[in-house]
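Asker: Here is a sequence together with a model predicted from it:
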Amino acid sequence: MTLPSSAARPFFGWKVVAATFLLAVFGWGVGFYGPPVFLYAVVARTGWPVAMVSLAVTVHFLFGAGVVANLPRLYRRFGVAAVTVTGAALLAIGILGWALAAQPWQLFAAALASGAGWVAMGAAAVNALIAPWFSLRRPAALGMAYNGASLGGVIFSPLWIALIASIGFVPATLAIGGVMIVVVLILSVLVFRHTPESMVQNPDGAEHPRAQSVQAQNPMRRSFLRDRKFLTLAAGMMLGLFAQIGLLAHLFSLLVPVLGEALTGFAMGGATVAAILGRSLVGWLMPAAADRRLVACASFGVQVIGSLLFILAAGNAGIWLVFGIALFGLGIGNATSLPPLIAQQEFSPAETARVVPLIVAIGQAGYAFAPAAFGVLRTGKVAEATGSATLFLCAAAIQLAAMACMLMGRGQRPKCQAQK
């Protein structure tokens with residue numbers, strides 16, 4: 001009995017991309033874009049202090065950062081499909097807890113569940129699902145899959161508000177959580193449980209497997225805490241996301257006085273569309289041999305210009321504001337998708353599987369504090385004197401620091417890694 005060759009059936013990797021795209025829609029739509037809406041709904045329902053409920057949002061992201069760092073271990077023990085379904089169930093239970101919480105401790109318990117669940121459908125999970133199927137075409141594949149995250153924001157941000165207003169907080173979480181569990185279970189059974197080995201296929205659909213170096217096959221398990229490339233990559237990702245999340249958390253309220261609620265909604269949607277465009281362009285057009293740290297620097301630089309154009313707009317709904325939203329939006333998606341691609345270029349395959357969850361965890365732990373930190377910039381005498389200019393200047397400065405970190409990590413790669 002002979003096994004079927006990889007050429008006997010269509011390459012399964014693109015089905016994995018499509019399924020992961022849908023997973024990201026729910027992961028980010030519920031676990032990332034949901035908590036800001038939950039904060040508003042919980043405060044409206046309970047009358048609890050905004051600061052306390054905001055702390056629950058921080059716990060959601062911080063606890064998730066701890067879980068995501070251990071995802072490789074969970075994948076090895078239980079399998080990717082089982083971990084993904086469990087994550088969806090935990091996220092559904094967690095958001096229901098946000099809606100039902102009658103005591104503060106119940107809210108924080110719900111935040112632990114939702115934080116642990118969503119990371120199994122977040123950035124590290126997307127990379128773990130895509131990486132075994134793609135090598136040379138991984139930038140395009142990851143770019144397509146990560147676009148689900150942006151679409152999740154477009155769909156779920158208004159959907160949460162509409163459902164909570166029309167049917168209530170608890171029914172809304174039951175409906176979305178239930179659909180999410182069913183969809184993720186189907187995806188796991190039909191798609192995520194398969195591997196290239198089980199489908200008798202090679203990465204990128206190649207007819208013959210690519211040779212791997214001895215280092216890639218038998219990597220030495222080592223600490224990355226003294227590795228310059230790892231440290232600068234983790235710091236660059238964390239700083240870029242800190243500036244981005246901090247500014248996005250306050251951008252809606254800053255634009256409403258200028259544009260009104262309706263136009264501000266369109267403006268935020270436009271930024272998300274720009275994010276999809278920016279990520280897609282990088283995924284499809286970036287050469288395989290390109291220095292991906294320089295590409296990340298270019299993306300951060302575009303966002304710096306966008307941040308400065310917000311200042312130039314000076315609170316007026318003019319062309320500078322439109323350009324600012326567009327340029328800042330172009331880099332939103334790349335801040336998440338480029339660091340795993342840099343890791344692929346600079347580390348062996350086995351090391352990349354460890355590096356990506358670690359940098360995602362560090363980034364998430366950092367940006368969990370960004371909304372509160374940027375909120376401080378909107379209070380006090382400095383804010384009264386300069387308005388929102390200080391906030392935009394700080395965002396630009398942090399993005400420049402992220403660029404500096406990326407540049408500091410550049411250098412000659414080992415030949416066995418450069419040829420991957």
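Answerer: Looks like it arrived, so ask away.
Asker: What's the mean pLDDT across the helix or strand harbouring residue 375?
Answerer: Using DSSP states H and E, residue 375 falls within helix 370-376. Per-residue pLDDT over helix 370-376 has a mean of 79.
Asker: Can you give the contact residues for that helix?
Answerer: 54, 57-58, 241-243, 245-247, 249-250, 391, 394-395 (Cβ atoms under 8 Å, 6 or more residues apart in numbering). Yep, even glycine has a C-beta here, placed from its N, CA and C like the rest.
Asker: quick one: low-confidence parts of the stretch 251-400 of the chain?
Answerer: 253, 261-262, 265, 314-315, 317, 380-387 (pLDDT under 70).
Asker: about what we covered before: please identify the buried residues of the helix holding residue 375?
Answerer: By 16 or more other Cβ atoms under 10 Å, the buried positions in helix 370-376 come out as 370, 371, 374, 375.
Asker: Count the neighbours of residue 73 for me.
Answerer: Using other Cβ atoms under 10 Å, the number of residues around residue 73 comes to 11.
Asker: And the chain, what are its domain boundaries?
Answerer: Listed domain ranges for the chain are 10-210, 215-411+416-420 (source: automatic domain parsing).
Asker: coming back round to it: filter the contacts of helix 370-376 down to the buried ones.
Answerer: By 16+ other Cβ under 10 Å, the contacts of helix 370-376 give 54, 57-58, 241-243, 245-247, 249-250, 391, 394-395 as buried.
Asker: nearest to residue 142, of these?
Answerer: Nearest to residue 142 out of the buried ones among the contacts of helix 370-376 is residue 241 (Cβ to Cβ; 16.4 Å).
Asker: Spatially, what comes nearest to that closest one if we skip its sequence neighbours?
Answerer: residue 367 (4.4 Å; Cβ to Cβ, 6 or more residues apart in numbering).
Asker: didn't the one you found look like it was pressed against residue 245?
Answerer: Yes: between residue 367 and residue 245 there is a contact under Cβ atoms under 8 Å: 4.2 Å.
Asker: Torsion angles phi and psi at the closest residue to residue 360 other than its chain neighbours?
Answerer: Leaving aside its sequence neighbours, residue 360 sits nearest to residue 124 (Cβ to Cβ, 6+ apart; 4.3 Å). The phi and psi values for residue 124, taken as degrees, to the nearest 10, are phi -70, psi -40.
Asker: Run a quick neighbour tally on the residue lying closest to residue 71 once chain neighbours are set aside.
Answerer: Spatially, and ignoring its direct neighbours in sequence, residue 71 is nearest to residue 357 (4.9 Å; Cβ to Cβ, 6+ apart). Residues contacting residue 357 under the criterion other Cβ under 10 Å number 26.
Asker: Residue 357: which element?
Answerer: Counting by DSSP H and E, residue 357 is part of helix 349-367.
Asker: show me the contacts for the closest residue to residue 347 other than its chain neighbours.
Answerer: When the adjacent residues along the chain are set aside, residue 347 lies closest to residue 355, with 5.4 Å between them (Cβ to Cβ, 6+ apart). By Cβ under 8 Å, 6+ apart, the residues touching residue 355 are 224, 230, 233, 343, 347.
Asker: which of the residues you listed has the most neighbours?
Answerer: residue 233 (30 neighbours).
Asker: hang on, isn't that one packed against residue 359?
Answerer: Yes: with contact defined as Cβ under 8 Å, residue 233 reaches residue 359; the gap is 5.9 Å.
Asker: Next, show the common contact partners of the two.
Answerer: 339, 343.
Asker: and residue 291, what are its phi and psi?
Answerer: Torsion angles, degrees, to the nearest 10, at residue 291: phi -70, psi 110.
Asker: if I look at it, how far off is residue 298?
Answerer: The gap separating residue 291 from residue 298 is 10 Å, by Cβ to Cβ, to the nearest Å.
Asker: so how far is stretch 151-163 from its chain's centroid?
Answerer: Here stretch 151-163 is found 17 Å from its chain centre; the criterion is Cα atoms, centre = their mean, to the nearest Å.
Asker: Kindly report the same for stretch 148-156.
Answerer: Mean-position distance between stretch 148-156 and its chain equals 11 Å (Cα atoms, centre = their mean).
Asker: mean confidence score for it?
Answerer: 85.
Asker: repeat for stretch 29-43
Answerer: 85.
Asker: and what of stretch 104-122?
Answerer: pLDDT averaged over stretch 104-122 gives 94.
Asker: again with stretch 84-91
Answerer: 96.
Asker: List the contacts of that stretch.
Answerer: 23, 26-27, 30-31, 78, 113-114, 116-121, 125, 129, 177, 180-181, 184-185, 187-188, 192.
Asker: Output it in PDB, but only the C-alpha positions, please.
Answerer: C-alpha atoms of stretch 84-91 as PDB (Å, rounded to 0.1, in the frame of the first residue of the first chain):
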ATOM      1  CA  THR A  84      -8.000  26.300  20.400                       C
ATOM      2  CA  VAL A  85     -11.500  24.900  21.200                       C
ATOM      3  CA  THR A  86     -10.800  25.200  25.000                       C
ATOM      4  CA  GLY A  87      -9.700  28.800  24.400                       C
ATOM      5  CA  ALA A  88     -13.000  29.600  22.600                       C
ATOM      6  CA  ALA A  89     -15.000  28.000  25.500                       C
ATOM      7  CA  LEU A  90     -13.100  29.900  28.100                       C
ATOM      8  CA  LEU A  91     -13.600  33.200  26.200                       C
END
